[in-house]
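In: Turn this into a model:
(chains A and B)
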Number of protein chains: 2
Amino acid sequence: MQIAFLLYDGFTSLDITGPHETLNGMPGHEIVFVAEEAGPIWNESKTLQMVAHKSISEVPSPDVIVVPGGLGTRAILDHQPLLDWLRSAHETSTWTTSVCTGSLLLAAAGILDDQEATTHWLARDTLAELGAKPVADRLVESGKVMTAAGVSSGIDMGLTLIQRMYGDEASQAVQLGIEYDPQPPFDSGAPEKAHETIRELVTTVFTAQEAAFTPGEPVA
Amino acid sequence: MQIAFLLYDGFTSLDITGPHETLNGMPGHEIVFVAEEAGPIWNESKTLQMVAHKSISEVPSPDVIVVPGGLGTRAILDHQPLLDWLRSAHETSTWTTSVCTGSLLLAAAGILDDQEATTHWLARDTLAELGAKPVADRLVESGKVMTAAGVSSGIDMGLTLIQRMYGDEASQAVQLGIEYDPQPPFDSGAPEKAHETIRELVTTVFTAQEAAFTPGEPVA
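Out: This next block holds a predicted model:
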């Protein structure tokens, strides 16, 4: 089973390493990080680079596709080479998945037309504008498409994919392997759980960060 | 504030991207991924590479040190250049932290002598052999040293570090930003919560993986 993890300029690292760490917990997977062109790819804050070992053209028909989000998503919503690859790979995939604003890319490719899907809570309006029906759930399954909410939700998505593919015990074993027994200091990980002032703060910061994002190398 | 994220051959990617994604949520941090030598570094399963942009010798006194675990940890428990750097950097750090078997490296450097610390649940005996007092908690604070349990616990650690450094609201905002509202399909993320057969399965798999780990480039 070949699993393609997509990288692009401005991705969020936890969006992609969460699903990787869980799907990597099962033996027999061929895992490949891909990008439009192979090479090191900067994350959204230019603090981290992950390496794409193959170009998307070298991986035309993976069994599972994982698309992360990030501040760089909106800059490529009409970038046809990537959207063409998503459309084509989706035709033969077993699972087509996204985390956070990765679902905006799936929507831009037409994969989510009139289908329920989720995304980062701040991107629901954009997801609707792109033709999907946004819902506030942490995970949404629609046929062979699975979309997850913001950033850390990719871990839950990966464990759920393991369950769907290999059963309950496999998912439980992977969860124990990564000791996923969450104990955050607060319970403010969803917009309806956080205080209004926290929601406003995050909205302000993210809006500013998104406006400030520029692709390419870091400014020295 | 300079935050050094250590990479080494055979690290676990989620161990380091969890803390990165949380600490990266606050502005004003200089984030730098380091390794003994700069360049792309393979994870434990040789499925993923992250780039160390600087060598440890270029980053002698970070304010915060984050040490991940991985199948590659045990191979470097007597590797003095790395342990020397940890000892030296720890002298001036504000926080010295680890995730998963990263605490074995701190212990090997003498930083955890006779101190309570945590690690991946399968590595507690080794942690004791290295002079620390292992406890089964998800996070252990001992002065300026914070150790976290297996893999995913680094997210909880990062949010707790944000709380210690910037207060409750900052931690809540970062949690909302990464939408950390965990909803795994099962509740088997700790050894005392998982069924005995699951514990045994994970123990068998991890023991085999650890024995099979070899540093260096993937075999073609």
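In: can you list the weak-confidence ranges in chain A?
Out: Flagging of chain A using pLDDT under 70 yields the residue ranges A:220.
In: all strands of it, in order?
Out: Listed in chain order, the strands found in chain A under DSSP state E are A:2-6, A:30-35, A:39-42, A:49-52, A:54-55, A:64-67, A:95-99, A:116-117, A:133-134, A:139-142, A:145-148.
In: Figure out which of the ones you listed is closest to A:His20.
Out: Shortest separation from A:His20 across these is recorded for strand A:2-6, at 5.9 Å, computed as CB to CB. Backbone N, C-alpha and C define where each C-beta goes, glycine included.
In: How far away from the center of its chain is that closest one?
Out: Taking CA atoms, centre = their mean, to the nearest Å, the mean C-alpha location of strand A:2-6 is offset from the chain mean by 12 Å.
In: and that strand, what other elements does it pack with?
Out: Using 3 or more CB pairs under 8 Å, 6 or more residues apart in numbering or on different chains; DSSP states H and E as the contact test, the elements touching strand A:2-6 are helix A:13-23, strand A:30-35, strand A:64-67.
In: most neighbours per residue, which of these?
Out: Most buried of the helices and strands packed on strand A:2-6 by mean neighbour count (mean count of other CB atoms under 10 Å in any protein chain shown) is helix A:13-23; its value is a mean of 29.
In: Of the strands of chain A, which is nearest A:Gly18?
Out: strand A:95-99 (7.0 Å).
In: Quick check: which helices or strands does that closest one pack against?
Out: Using 3+ CB pairs under 8 Å, 6+ apart as the contact test, the elements touching strand A:95-99 are helix A:13-23, strand A:64-67, helix A:80-92, helix A:102-108, strand A:145-148, helix A:153-166.
In: try 10 Å this time
Out: Here strand A:95-99 touches strand A:2-6, helix A:13-23, strand A:64-67, helix A:80-92, helix A:102-108, strand A:139-142, strand A:145-148, helix A:153-166, going by 3 or more CB pairs under 10 Å, 6 or more residues apart in numbering or on different chains; DSSP states H and E.
In: Adding distance to B:Thr207, write those out as a markdown table.
Out: Below are these laid out as a markdown table (distance: least, CB to CB, whole Å):
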| stretch | distance to B:Thr207 |
| --- | --- |
| strand A:2-6 | 25 |
| helix A:13-23 | 19 |
| strand A:64-67 | 28 |
| helix A:80-92 | 36 |
| helix A:102-108 | 35 |
| strand A:139-142 | 32 |
| strand A:145-148 | 32 |
| helix A:153-166 | 20 |
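In: First-to-last residue distance for stretch A:116-128?
Out: As for stretch A:116-128, its first-to-last residue distance stands at 10 Å under the measure CA to CA, to the nearest Å.
In: my bad, should have said stretch A:186-194
Out: Between the opening and closing residues of stretch A:186-194 we find a distance of 9 Å, counting by CA to CA.
In: Now that stretch: buried residues?
Out: Going by neighbour count (16 or more other CB atoms under 10 Å in any protein chain shown), the buried part of stretch A:186-194 is A:Phe186, A:Ser188, A:Gly189, A:Ala190, A:Pro191, A:Ala194.
In: what does that stretch rub up against?
Out: Taking CB atoms under 10 Å, 6 or more residues apart in numbering or on different chains as the criterion, the residues outside stretch A:186-194 that touch it are A:121-122, A:124, A:136, A:138, A:149-153, A:182, A:195, A:198-203, B:159-160, B:163, B:168-169, B:171-183.
In: ChimeraX command to pick out the buried ones of these?
Out: To isolate the buried ones among the contacts of stretch A:186-194 in ChimeraX, judged by 16+ other CB under 10 Å, type:
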select /A:121,122,124,138,149,150,151,152,153,182,198,199,201,202 /B:159,160,163,169,171,172,173,174,175,176,177,178,179,180,181,182,183
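In: which ones among the contacts of stretch A:186-194 are found in helices?
Out: The subset of the contacts of stretch A:186-194 located in helices under the criterion DSSP state H comprises A:124, A:153, A:198-203, B:159-160, B:163, B:168-169, B:171-177.
In: So A:Gly102 sits against A:Leu112, correct?
Out: No. Using CB atoms under 10 Å, A:Gly102 is not in contact with A:Leu112, being 11.0 Å away.
In: Mind picking the two most distant members of the buried residues of stretch A:186-194?
Out: The largest separation in the buried residues of stretch A:186-194, counting by CB to CB, is between A:Phe186 and A:Pro191 at 13.9 Å.
In: I'd like the strands of chain A as JSON lines, with distance to B:Lys46 appended.
Out: Rendered in JSON lines, the data for the strands of chain A read as follows (distance: least, CB to CB, whole Å):
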{"stretch": "strand A:2-6", "distance to B:Lys46": "14"}
{"stretch": "strand A:30-35", "distance to B:Lys46": "9"}
{"stretch": "strand A:39-42", "distance to B:Lys46": "16"}
{"stretch": "strand A:49-52", "distance to B:Lys46": "12"}
{"stretch": "strand A:54-55", "distance to B:Lys46": "14"}
{"stretch": "strand A:64-67", "distance to B:Lys46": "18"}
{"stretch": "strand A:95-99", "distance to B:Lys46": "23"}
{"stretch": "strand A:116-117", "distance to B:Lys46": "33"}
{"stretch": "strand A:133-134", "distance to B:Lys46": "38"}
{"stretch": "strand A:139-142", "distance to B:Lys46": "29"}
{"stretch": "strand A:145-148", "distance to B:Lys46": "26"}
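In: what's the closest of the ones you listed to B:Lys54?
Out: Nearest of the strands of chain A (CB to CB): strand A:49-52, 12.4 Å.
In: Could you verify my assumption that A:Gly143 touches A:Gln115?
Out: Yes. Using CB under 10 Å, A:Gly143 makes contact with A:Gln115 at a distance of 7.9 Å.
In: quick one, which of the two is more surrounded?
Out: In this comparison of A:Gly143 against A:Gln115, neighbours counted by other CB atoms under 10 Å in any protein chain shown, the higher total goes to A:Gln115 at 16 against 8.
In: Skipping adjacent residues, who's closest to that one in space?
Out: Take A:Gln115 and drop its neighbours on the chain: the residue closest to it by CB to CB, 6 or more residues apart in numbering or on different chains is A:Ser142, 4.6 Å away.
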